[in-house]
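**Q** No sequence on hand, only this structure:
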């Protein structure tokens, strides 16, 4: 049994049983991956995948358990490598953060600036995506930590720790009728306008969607995007009212927009940091998390990891 065989079966499982995509992702050949999988199956004495001809169709029952065990083994191998790096090269390495555009654009810059001053030898990578994509990156080990809202807390593969709470706001062009109100608009009034918001804002578990549903309202969502700056562009053009995180409004830059506080209309949201279960964190990862969320010091993080 070899480590690269374990990597192959996990990658194939992650690629919806597509051996060609798995081989390309791992920079090897499709026949080579197929051969190594068969060698592993022969050694174990059980099929890992069901087949129709040469095509893989499903994980077998023992195969699903083998893949789970392989993931654990590969995580421990990665942890061993990180332990070595921790004690031989604390000032070198890469910190990969999976996060949303809003966090990367509006929240993280000052923390990254401070982190760079403390750890000039550490290379930083920001990988952006939807909350679900971010969780998947962290789960697969493609990112050290995930920073997002809602999806991180509900991801079974991650340890989720709360960082801070925030509210949504409404953005409208200068002169919009909602600005003439001498009070906060109601949910019904908001639902009467076309809405431009995040791609994931009206998913089944989203607080925004659930709030409208509970009020018996169906909002007119005319455009969604992952990027708050894209949302603001279309609000400026008059396409609709924007529903975004309040941190995404910058008065000195967004001179053609006005913000309406709607904190009392929707529950506060929580931004979470997600860490893959069983991970070993290098010292600089602890430092970054504490810069981002001072309540999550090294002792708190280690306690959460050890509880696993």
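**A** Yep, that arrived. Small disclaimer: the values here were computed from a predicted structure and weren't measured.
**Q** ok, the most centrally placed residue in the chain to residue 244 distance?
**A** Closest to where the C-alpha atoms of the chain average out (Cα atoms, centre = their mean) is residue 134, at 2.1 Å. From residue 134 across to residue 244, the span is 18 Å (Cβ to Cβ, to the nearest Å). Using the backbone N, CA and C atoms, a C-beta is placed for each residue, glycine as well.
**Q** Kindly report the same for residue 121.
**A** In terms of Cβ to Cβ, residue 121 sits 36 Å off from residue 244.
**Q** Show me which of those two is the more surrounded one.
**A** Ranked by neighbour count (other Cβ atoms under 10 Å), residue 121 and residue 244 place residue 244 first, with 23 against 11.
**Q** Just give the nearest non-adjacent residue to that one, would you?
**A** residue 228 (5.1 Å; Cβ to Cβ, 6 or more residues apart in numbering).
**Q** Would you confirm that the one you found contacts residue 243?
**A** No - here residue 228 lies out of contact with residue 243, judged by Cβ atoms under 8 Å, at a distance of 10.4 Å.
**Q** where do the contact lists of those two overlap?
**A** Counting by Cβ atoms under 8 Å, 6 or more residues apart in numbering, the shared contacts of residue 228 and residue 243 are residue 198.
**Q** circling back to that earlier point, next, give phi and psi for the residue nearest to residue 244.
**A** The phi/psi pair for residue 228 (degrees, to the nearest 10) reads phi -60, psi -30.
**Q** Just give me the neighbour total for it.
**A** As a burial measure, residue 228 scores 22 neighbours (other Cβ under 10 Å).
**Q** OK, contacts around it?
**A** 101, 102, 105, 106, 198, 244, 245, 248.
**Q** The same query, at a cut-off of 10 Å, please.
**A** Residue 228 makes contact with 100-102, 105-106, 171, 197-198, 242, 244-245, 247-249 under the criterion Cβ atoms under 10 Å, 6 or more residues apart in numbering.
**Q** Sort out which of these are in strands and list them.
**A** Among those, the members found in strands (DSSP state E) are 171, 197, 198, 242, 244, 245.
**Q** Save those as CSV, and put in distance to residue 157 too.
**A** What follows is the ones in strands among the contacts of residue 228, written out as CSV (distance: Cβ to Cβ, whole Å):
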residue, distance to residue 157
171, 34
197, 27
198, 23
242, 32
244, 28
245, 25
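**Q** Taking those residues, tell me the two that lie furthest apart.
**A** Greatest spatial distance among the ones in strands among the contacts of residue 228 (Cβ to Cβ): 171 and 198, at 12.4 Å.
**Q** ok, residue 76 to residue 277 distance?
**A** Taken as Cβ to Cβ, the span from residue 76 to residue 277 is 12 Å.
**Q** before we move on, the earlier item: quick one: the contacts of residue 228 as JSON lines, columns for pLDDT and distance to residue 7 too.
**A** Conversion of the contacts of residue 228 to JSON lines gives the following (pLDDT from 0 to 100; distance: Cβ to Cβ, whole Å):
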{"residue": "100", "pLDDT": "93", "distance to residue 7": "29"}
{"residue": "101", "pLDDT": "93", "distance to residue 7": "31"}
{"residue": "102", "pLDDT": "93", "distance to residue 7": "34"}
{"residue": "105", "pLDDT": "95", "distance to residue 7": "34"}
{"residue": "106", "pLDDT": "95", "distance to residue 7": "37"}
{"residue": "171", "pLDDT": "97", "distance to residue 7": "46"}
{"residue": "197", "pLDDT": "94", "distance to residue 7": "39"}
{"residue": "198", "pLDDT": "92", "distance to residue 7": "34"}
{"residue": "242", "pLDDT": "96", "distance to residue 7": "43"}
{"residue": "244", "pLDDT": "95", "distance to residue 7": "40"}
{"residue": "245", "pLDDT": "94", "distance to residue 7": "38"}
{"residue": "247", "pLDDT": "94", "distance to residue 7": "39"}
{"residue": "248", "pLDDT": "95", "distance to residue 7": "39"}
{"residue": "249", "pLDDT": "96", "distance to residue 7": "44"}
